[in-house]
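Peer 1: need a 3D model of the sequence below.
(2 chains)
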2 protein chains.
Amino acid sequence: MPTKLSQIGEFGFIDLIRKQMGSSGKRVRGIGDDTAVVPSLKNKKLLLTTDMFLEGVHFSRRTPAKAIGHKAMAANLSDIAAMGGVPKYALVAMGVSGSLKWKYLRQIYEGMNKTAKEFGVEILGGDTVQSNKIIINVSLIGEAQRHELLTRCGAKKGDQIFVTGRLGRSLQSGWHLRFKPRIEESRYLVKKFKPTSMIDISDGLAADLGHILKESKVGAVIYEDKIPRRGQASLKNALYDGEDFELIFTLSHEDAKRIKRQKKY
Amino acid sequence: MPTKLSQIGEFGFIDLIRKQMGSSGKRVRGIGDDTAVVPSLKNKKLLLTTDMFLEGVHFSRRTPAKAIGHKAMAANLSDIAAMGGVPKYALVAMGVSGSLKWKYLRQIYEGMNKTAKEFGVEILGGDTVQSNKIIINVSLIGEAQRHELLTRCGAKKGDQIFVTGRLGRSLQSGWHLRFKPRIEESRYLVKKFKPTSMIDISDGLAADLGHILKESKVGAVIYEDKIPRRGQASLKNALYDGEDFELIFTLSHEDAKRIKRQKKY
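Peer 2: Numbers count the residues shown, from 1 in each chain, chains lettered A, B, ... in the order given. Here you go, the predicted structure:
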């Protein structure tokens, strides 16, 4: 039983993906071919996003392998959530060292695949290359009806600002490795309300709300005591830490009143 | 005028992409958002492929920047060509060092964008991260009618084997940095003939024809003097070098007779 990746190579990795995909693989032509083939999405918009994760920047070899895989997939899912979309397919390209333990790589993949499956995403294979440091690139394809689409540029004067969860100290608390991408919350909002803008928090409340304000050409007042904070997080943590992967969204006065009456709220 | 990437950052890179995209950017929502939005492709199959390129593995800092960009895009185009598809959208994720000259990065992007445009592909933005070595990941989305799709598994006993160009010494001759992905040839074949299988040559004629044979469950005889070779290439070069990015395809006896009568042939 080979344990080093150099003994297995790209074809071993493709076989692993093929096996892990199980029955879902049947719908998809192209594992084995370099290109995957999937049905197109009728009368919908395609959402396309990509994120790169590097050892030494986003994680280290002390990071639990499954958590690395989870985060790589979940951060992309968060991008789709921010648009109000439904994630569908993922392409994964990895740079891996021949000295890497097969088990470690498999666990990265398992973490990625578990999170993908939880949100109905099929991993369609991809590319592997030789690299001293681990590199993970996930490209995610989602869909949305045109009227469901949310962007950063629709916030209006008089809207209220909401977030889907607590902010700050994501890195210190390990939240950034186990966060749940807000796909469900996003779909709930899209179906039941008319959010005027939405974004996910990767750079911090201040910076990401700033994107909404800039692209919507509006200003905002935020109240210190209304910002939900995680555990020991200070105001500064909540505003600037980033990697919370919660959604910021804006609602009209009427929708804001309505959402506050919901049980979920 | 800043010249180092560290003075410009991700937003500079997004602005660069936005500017370079010019008017085509209007059709596409989402540069600025992390996720791009494009119309879905009605009644067609989606083709999805991804390739990762690393400094020190696939190129060095002595490689002309535009050629790096060209190759990263063209290798993905070659994957779509191998399926008989039409390329549509690209997502680009890059790892770049803060010490990198802005001009060098811009030239990589220009090389990528020129080749994308030549084949009707829109680059929809992507991700940039800090990395000592340059990393380029391109994900490409294409489309095809279901009946146009070609894979590796349809070759039949009695078929004849063709390639779209000369083989061998791609690395030594610099072909791997300037090759033209065989999109046009692939579309011509799909429209005018019924290729029974197709693949592009990345690992060499022997290995890639081997994929067709294995997945089609057939054998093959190839005649040494019928293999078109590039310049000084030996038989060994033509069989094993790889990175030719030509297409191998198989045709029935009737189609083979017919294609040999074409002017293009």
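Peer 1: the helix or strand containing A:His176 near chain B anywhere?
Peer 2: Using DSSP states H and E, A:His176 sits in helix A:175-178. No. Taking Cβ under 8 Å from any Cβ of the partner chain as the criterion, helix A:175-178 and chain B are apart, separated by no less than 15.1 Å. The way it works is simple: take the backbone N, C-alpha and C, and place the C-beta from them, glycine included.
Peer 1: quick check: mean pLDDT across that helix?
Peer 2: Throughout helix A:175-178, pLDDT has a mean value of 96.
Peer 1: what's around the nearest residue in space to A:Lys180 that is not next to it in sequence, how many residues?
Peer 2: Closest residue in space to A:Lys180, ignoring its immediate chain neighbours: A:Ala74 at 7.4 Å, by Cβ to Cβ, 6 or more residues apart in numbering or on different chains. Residues lying near A:Ala74 (other Cβ atoms under 10 Å in any protein chain shown) number 28.
Peer 1: how far away is A:Ala74 from chain B?
Peer 2: Taking Cβ to the nearest Cβ, to the nearest Å as the measure, A:Ala74 falls 14 Å from chain B.
Peer 1: what do you get for A:Lys157?
Peer 2: 21 Å.
Peer 1: check A:Gly154 too.
Peer 2: 12 Å.
Peer 1: residues near that residue, how many?
Peer 2: A:Gly154 - counted by other Cβ under 10 Å - has 18 other residues nearby.
Peer 1: does it count as helix, strand or coil?
Peer 2: Of the three states, A:Gly154 takes coil according to DSSP: H, G, I helix; E, B strand; the rest coil.
Peer 1: ok, A:Leu54 next?
Peer 2: strand.
Peer 1: that one reaches A:Ser131, doesn't it?
Peer 2: No. Here A:Leu54 lies out of contact with A:Ser131, judged by Cβ atoms under 8 Å, at a distance of 9.6 Å.
Peer 1: for stretch A:83-102, C-alpha coordinates in PDB please.
Peer 2: Provided in PDB are the C-alpha atoms of stretch A:83-102 (Å, rounded to 0.1, in the frame of the first residue of the first chain):
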ATOM      1  CA  MET A  83     -25.000  36.300  -4.600                       C
ATOM      2  CA  GLY A  84     -28.100  34.500  -3.500                       C
ATOM      3  CA  GLY A  85     -27.200  31.500  -5.600                       C
ATOM      4  CA  VAL A  86     -27.400  27.700  -5.400                       C
ATOM      5  CA  PRO A  87     -23.900  26.000  -5.800                       C
ATOM      6  CA  LYS A  88     -23.700  23.100  -8.200                       C
ATOM      7  CA  TYR A  89     -20.300  22.000  -9.400                       C
ATOM      8  CA  ALA A  90     -16.700  22.400  -8.300                       C
ATOM      9  CA  LEU A  91     -13.400  22.000 -10.000                       C
ATOM     10  CA  VAL A  92     -10.400  21.400  -7.800                       C
ATOM     11  CA  ALA A  93      -6.700  21.900  -8.800                       C
ATOM     12  CA  MET A  94      -4.000  21.000  -6.300                       C
ATOM     13  CA  GLY A  95      -0.300  21.500  -6.000                       C
ATOM     14  CA  VAL A  96       1.100  18.700  -3.800                       C
ATOM     15  CA  SER A  97       4.600  17.600  -2.800                       C
ATOM     16  CA  GLY A  98       5.700  14.000  -3.500                       C
ATOM     17  CA  SER A  99       6.800  13.800   0.100                       C
ATOM     18  CA  LEU A 100       3.200  14.400   1.300                       C
ATOM     19  CA  LYS A 101       1.500  11.600   3.100                       C
ATOM     20  CA  TRP A 102      -1.300  10.000   1.000                       C
END
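Peer 1: re earlier: ok, now which ones touch the residue nearest to A:Lys180?
Peer 2: Residues in contact with A:Ala74, defined by Cβ atoms under 8 Å, 6 or more residues apart in numbering or on different chains, are A:115, A:179-181, A:245.
Peer 1: helices - which of the residues you listed land there?
Peer 2: Among the contacts of A:Ala74, DSSP state H puts A:Thr115 in helices.
Peer 1: helix/strand/coil for the residue in the stretch 151-265 of chain A that chain B sits nearest to?
Peer 2: Proximity of the stretch 151-265 of chain A to chain B (Cβ to the nearest Cβ) peaks at A:Thr151, 5.5 Å away. At A:Thr151 the chain is in coil, as set by three-state DSSP.
Peer 1: how far away is it from A:Leu47?
Peer 2: Separation of A:Thr151 from A:Leu47 (Cβ to Cβ, to the nearest Å) stands at 11 Å.
Peer 1: equivalent analysis for A:Val96, please.
Peer 2: 28 Å.
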